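# Generate coordinates for the sequence data below:
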Amino acid sequence: MDDLTAWIGRSRTQEDEITRPALRRIVAMLDRTDDFPPGAPIPPHWYAMFFPEIAPQSGLGADGHPRKGDFLPPVKLPRRMFAGRRVRFLAPLCVGDIATKHSEITAITPKTGRSGNMVFVTVRHTIRVGAVVALTEEQDVVYREPPAPGAPPPAPGAAAPPADWSETATPDPVLLFRYSAITFNGHRIHYDADYTRATEGYPALVVNGGLTLLLLLEAAIRTHGRAPYSLSVRNLRPLHAGAPVILAGTTIEGGAAIAWAADATGAHAVAAELAFPL
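Numbers count the residues shown, from 1 in each chain. Okay, here's the model as predicted:
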């Protein structure tokens, strides 16, 4: 940890443009029919499909991620996944905007859980268009030990309250591939089934955490008729391609609602707290 704490405060700035070709690909992936003319605001949660990690092919690790030690610290634990995020939307991103994303490592925290040693890295992102802050995000990345041979799956978490609404989706390998292509995500657990089983110990391709959250938010916005202005999300367990995913939640009360994604047994994979304008 002495070596890792030196990475706290490390920062970088990226730039991206909110383009119509990128939006057309997202619309097609989600089976939507929207058209986004120049200057139109985009759904606020779509920000996560911009600012991809663009590393040269020679800069990738064996897992398909950019090698550690560039921006993120060189944590020695091999398995890397998103653990959660907290987002506040302050101003819209619009078609044609050239936006900047400033990222800073704010915490590196070791923990020990049922699956062994873990290290959580918290990164704070601020996305601006010119001088205007469009959104802020705190994102947690978790590094974990490799799976022990024959290790059981994680135990289900606490049961959620009864759902006021629910939908079912079945992410297939093609959807995972298209989302990974849109986000330029090379992590092999989302498209290389042999690697996923033999090296990372999962039974099947893992649904991108960002994709699960995207599907959950799309369902919540369809239900409530408006987008949240802030959200807090925890990723609890992996979901796998080809299996049904339950997207569910409660109705808005006092501007707040909760939503979750679960597998067919009801075991929760994603838990979200949403705040809506009254």
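# how far is the helix or strand containing L231 from where the chain is centred?
In the assignment (DSSP states H and E), L231 maps to strand 230-235. Centroid separation between strand 230-235 and its chain, computed with Cα atoms, centre = their mean, to the nearest Å, is 10 Å.
# what lines up beside it in the sheet?
Sheet pairing of strand 230-235 (DSSP bridges) gives strand 79-89 (antiparallel), strand 268-275 (antiparallel).
# By mean pLDDT, show me the worst of these.
Lowest mean pLDDT within those: strand 79-89, at a mean of 90.
# and after that strand, which helix or strand comes next?
Once the chain leaves strand 79-89, the next helix or strand it forms, by DSSP H and E, is strand 98-113.
# Touching, A91 and A131? I think so.
No. Between A91 and A131 there is no contact under Cβ atoms under 8 Å: 10.7 Å. Quick note: C-beta positions are derived from backbone N, CA and C, even for glycine.
# who's more crowded, the two?
Comparing A91 with A131 by neighbour count (other Cβ atoms under 10 Å), the higher total belongs to A91, at 14 against 5.
# list the contacts for that one?
Contacts for A91 were tallied using Cβ atoms under 8 Å, 6 or more residues apart in numbering; they are 129, 132-135.
# any chance of those residues in JSON lines, plus secondary structure?
What follows is the contacts of A91, written out as JSON lines (DSSP: H, G, I helix; E, B strand; the rest coil):
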{"residue": "V129", "secondary structure": "strand"}
{"residue": "V132", "secondary structure": "strand"}
{"residue": "V133", "secondary structure": "strand"}
{"residue": "A134", "secondary structure": "strand"}
{"residue": "L135", "secondary structure": "strand"}
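# Now list the buried members of those residues.
For the contacts of A91, a neighbour count by 16 or more other Cβ atoms under 10 Å gives the buried set as 129, 134-135.
# now the residues you listed in a markdown table, with distance to G242 and pLDDT?
As requested, these are exported to a markdown table (distance: Cβ to Cβ, whole Å; pLDDT from 0 to 100):
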| residue | distance to G242 | pLDDT |
| --- | --- | --- |
| V129 | 39 | 98 |
| A134 | 36 | 98 |
| L135 | 33 | 98 |
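# who touches A22 in this structure?
Contacts of A22 were listed using Cβ under 8 Å, 6+ apart, and they are 49-50, 182.
# where in the stretch 151-278 of the chain is pLDDT low?
For the stretch 151-278 of the chain, applying pLDDT under 70 flags the ranges 151-160.
# Now do the helices in it.
Under the criterion DSSP state H, counting those that start in this stretch, helices of the stretch 151-278 of the chain are mapped to 173-182, 193-198, 209-224.
# what angle separates the first one from helix 209-224?
This points to helix 173-182. Angle of helix 173-182 versus helix 209-224, following axes from the mean of the first three to the mean of the last three Cα atoms, to 10 degrees, is 100 degrees.
# ok, and for helix 173-182, which residues are buried?
Buried, per 16+ other Cβ under 10 Å, within helix 173-182: 175-176, 178-180, 182.
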